[in-house]
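Undergrad: Here you go, sequence then predicted model.
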Amino acid sequence: MHKDKQLPFKEKNIILIGFMGVGKTTIGIHIAKKLNRDFIDVDQEIEKQYDMPVTQIFKTMGEQKFRQMEKEFIVDLCCNSRLKIISLGGGAFLQEEIRNVCLSTSIVFFLDLSFNLWKDRLHLLMDNRPVLQNKTLEEIEQLYYSRQGIYALNHSKVNTDYLKPEEVADNILHSLKLNWEINEPIN
Ligand SMILES: Nc1ncnc2c1ncn2[C@@H]1O[C@H](COP(=O)(O)OP(=O)(O)OP(=O)(O)O)[C@@H](O)[C@H]1O
Ligand SMILES: O=C(O)C1=C[C@@H](O)[C@@H](O)[C@H](O)C1
Ligand SMILES: [Mg+2]
């Protein structure tokens, strides 16, 4: 739809990135409701398409196949949609093609949560995040820090420490509104 032409700033998709469990899905739903826009969760869309949970996709088809599906889905979404609120899977930004298409077509917010606070959420994530399974806390901590460099490739970093999902959504909306005004003033 807009491969060669940039969309007006207000029409661009809004994409949330960050480590597993930082709240991309939860906060994305709040933002979509507040802006009255469609919400798309990439993990959930792939699960629907293959009619199985991500954990099962990893088991039966392998991580590489999942990464391929993830890339195809995100590239298509970025090139052929607008006005969407999109939550990526925690590992999506590891792929250069995904980073490039997201950063060149959309507004990318990185949800930051310090590891100390993230640790308290681990029990909520263990069962359906295959990448965390069979790892010690030390290995998970290494994974967390090893990914911070790629999440740093964003348009805006949002702190989520000690904030409720709705508060983070409000902060993102505030920043968006300021940017919408700066990029496309009313007069
Ligand atoms: N700001 C928050 N405060 C407290 N709990 C939160 C917050 N944001 C999310 N959670 C909780 O943390 C868990 C993980 O949230 P969520 O699924 O939204 O993360 P995610 O970033 O989408 O993870 P993934 O990358 O694995 O898809 C959920 O149980 C959610 O309710
Ligand atoms: O961080 C990751 O590598 C992943 C995060 C999840 O959102 C899923 O996309 C999947 O479990 C892989
Ligand atoms: Mg999610």
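TA: Received, thanks. Numbering: from 1, shown residues only. Ligands and ions are numbered 1, 2, ... in the order given.
Undergrad: And stretch 177-185, how far out from the chain middle?
TA: 23 Å (Cα atoms, centre = their mean, to the nearest Å).
Undergrad: what's the answer for stretch 117-131, then?
TA: In terms of Cα atoms, centre = their mean, the centre of stretch 117-131 is found 16 Å from the chain centre.
Undergrad: Tell me the buried residues in it?
TA: Neighbour counts over stretch 117-131 (16 or more other Cβ atoms under 10 Å) mark Trp118, Leu125, Arg129, Pro130, Val131 as buried. No exception for glycine: its C-beta is placed from N, CA and C like everyone else's.
Undergrad: Restricted to strands, list these.
TA: Of these, none are assigned to strands by DSSP state E.
Undergrad: tell me the two of the residues you listed that are most distant?
TA: Trp118 and Pro130 (17.6 Å; Cβ to Cβ).
Undergrad: tell me which residues form a beta bridge with Asn159?
TA: Beta bridges link Asn159 to Asp112 when assigned by DSSP bridges.
Undergrad: near ligand 2, which residues of this protein?
TA: Proximity of the chain to ligand 2, by Cβ under 6 Å from any ligand atom, involves residues Met20, Asp43, Val54, Gly89, Gly90, Gly91, Arg129, Pro130, Val131.
Undergrad: JSON lines for these, including pLDDT?
TA: Formatted as JSON lines, these follow (pLDDT from 0 to 100):
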{"residue": "Met20", "pLDDT": "97"}
{"residue": "Asp43", "pLDDT": "97"}
{"residue": "Val54", "pLDDT": "96"}
{"residue": "Gly89", "pLDDT": "97"}
{"residue": "Gly90", "pLDDT": "97"}
{"residue": "Gly91", "pLDDT": "97"}
{"residue": "Arg129", "pLDDT": "94"}
{"residue": "Pro130", "pLDDT": "95"}
{"residue": "Val131", "pLDDT": "95"}
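Undergrad: hang on, the earlier thing: any chance of the buried residues of stretch 117-131 in CSV with distance to Lys164 as columns?
TA: Listed next are the buried residues of stretch 117-131 as CSV, based on distance: Cβ to Cβ, whole Å:
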residue, distance to Lys164
Trp118, 16
Leu125, 18
Arg129, 22
Pro130, 28
Val131, 26
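Undergrad: Keep those residues, but drop any that are not near ligand 1.
TA: Among the buried residues of stretch 117-131, ligand 1 is touched by Arg129 when using Cβ under 6 Å from any ligand atom.
Undergrad: And the residue of the chain at minimum distance from ligand 1, what's its pLDDT?
TA: Closest residue of the chain to ligand 1, Cβ to the nearest ligand atom: Gly23 (2.8 Å). What the model reports as pLDDT for Gly23 is 97.
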